[in-house]
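In: can you look at this prediction? I've put the sequence above it.
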Amino acid sequence: MKTTKTFATVALAAATALTMSACAGGSQAAAGGTTAEGFPSVIRLAAIPAENSTDLAAGYDPIIAMLEDETGATVEVSQASDYAGVIEGLIAENVDLAFLGSFAYVIATHNDAAITPLGAAIEEKGADPGYYSLGIVPGDSDIDGLEDFAGHSVCFVDPGSTSGFLYPTAGLIDAGVIESGLESDVAAGVEPIYAGAHDASALAVAAGDCEAGFAMQSMVEETLPDAGELADGDLKEVWRSPKISGSLFVGNNALGAEVNTKLATLITEKANSEYLLSQGYCDGDCLLTDEDAWGFAPAQDSDYDGTREVCTLTRSDKCEG
């Protein structure tokens, strides 16, 4: 069995802050009263950065400003280092609003997090929610498909990442490289390296630190090239996943159905680049979250049944939370 390596130590402080005081968590928002608009006076938002591991501001500040104006609430942002911290915060009712990947959403509901889908990310106006995972190798690599990943160092994003772990392991199973998504089976087929973020995974592959890897399509094809961090020919795509249900905002059911309905309306109707630009919340480009989304479309729990099926296929222990 090969040794699993990591690029960065997981920061526990943020996750700990999200999970503290489970007994008191549900009462914190209520204790501060409600706004004239009928929202808690404080709304606690948690998210995981997909691109920049230390800064969520660029993709979330316009949404936060809009929510504060529309709800009359103060939006407090908690930045966790992994999906587990956000999920535990939701379960403990220390998080009111969260942005989760498809996999993290499935894990959360599997672990009885009482949450409601509010809106799924879309790349452009009128698009259907969803995105793709890419299997990538250095541009000059002889690797031409997932079947060639066997025995090589492979960058994954995070064990809780939809496009950076779950769907890639399903692809590796189909290619006969691994037997399941169990950590021991993954390590028996490849040398897994957990980069911690989609940009880190893609850049590690481009630099040759990993012989192959996985990252979300938008990171490889748009975000990093637009930032000048990837040039044509740095990476070669050798696999593309089936379409993955879009990352989504969820509301904690402790907020109440009426508040979640109002939040869903705000997110699907006003948390988009067109509206935010028109109202002065953005200057120039207004790409939202770390997925460079245009905005959000209505979402429901059944939209994520495909991810649940992939969990069943891979038998990943990560699907258990």
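Out: That came in fine, so what should we check first?

In: distance of F103 relative to C311?
Out: To C311, F103 is 8 Å away according to Cβ to Cβ, to the nearest Å. For glycine as for every other residue, the C-beta is placed from the backbone atoms N, C-alpha and C.

In: which residues are common contacts for those two?
Out: Here F103 and C311 have L166, C319 as joint contacts, going by Cβ atoms under 8 Å, 6 or more residues apart in numbering.

In: comparing those two, which residue is more hemmed in?
Out: Using other Cβ atoms under 10 Å as the criterion, F103 and C311 rank with F103 on top: 30 against 20.

In: is the more buried one part of a helix or strand, or is it coil?
Out: Three-state assignment for F103 (DSSP: H, G, I helix; E, B strand; the rest coil): helix.

In: that one against V157, yeah?
Out: No: using Cβ atoms under 8 Å, F103 is not in contact with V157, being 10.3 Å away.

In: need the overlap of contacts for these two.
Out: Joint contacts of F103 and V157 (Cβ under 8 Å, 6+ apart) are F165.

In: all strands for the protein, in order.
Out: Counting by DSSP state E, one finds strands in the chain at the ranges 5-6, 42-47, 74-79, 97-100, 115-122, 133-138, 153-156, 191-194, 212-216, 235-240, 248-252, 295-297.

In: which residue packs closest to Y83, ignoring adjacent ones?
Out: Nearest non-adjacent residue to Y83, counting by Cβ to Cβ, 6 or more residues apart in numbering: G160, 3.5 Å away.

In: I figured the one you found hits V86, correct?
Out: No: in this structure G160 lies outside contact range of V86 using Cβ under 8 Å: 9.2 Å.

In: need the residues touching each of the two.
Out: Going by Cβ under 8 Å, 6+ apart, residues that sit against G160 and also against V86 are A104.

In: in terms of neighbours, single out the busier of those two.
Out: A side-by-side neighbour count of G160 and V86, using other Cβ under 10 Å, places V86 first with 31 against 23.

In: ok, now how distant is the closest residue to the more buried one other than its chain neighbours from S316?
Out: Distances taken as Cβ to Cβ, 6+ apart put A46 closest to V86, at 4.6 Å, once the chain neighbours are dropped. Distance from A46 to S316, counting by Cβ to Cβ: 23 Å.

In: next: L90.
Out: Taking Cβ to Cβ, one finds L90 at 20 Å from S316.

In: same drill for these two, tell me which one is more crowded.
Out: Ranked by neighbour count (other Cβ under 10 Å), L90 and S316 place L90 first, with 29 against 23.

In: pretty sure that one is in contact with T109, am I right?
Out: No: assessed by Cβ under 8 Å, L90 is found out of contact with T109, at 10.0 Å.

In: between these two, which contacts overlap?
Out: Residues touching both L90 and T109 (Cβ under 8 Å, 6+ apart) are I115.

In: pretty sure T223 contacts A293?
Out: No: using Cβ under 8 Å, T223 is not in contact with A293; the gap is 11.5 Å.

In: who's more crowded, the two?
Out: Between T223 and A293, counted using other Cβ under 10 Å, the more crowded position is A293 (28 against 24).

In: right, and that one touches E123 too?
Out: Yes: using Cβ under 8 Å, A293 is in contact with E123, at 6.5 Å.

In: so what's the residue nearest to Y83 up against?
Out: D82, Y83, A84, G101, F103, A104, I107, K318.

In: check the fourth one and give its pLDDT.
Out: The model reports G101 with a pLDDT of 86.

In: sounds good, over and out.
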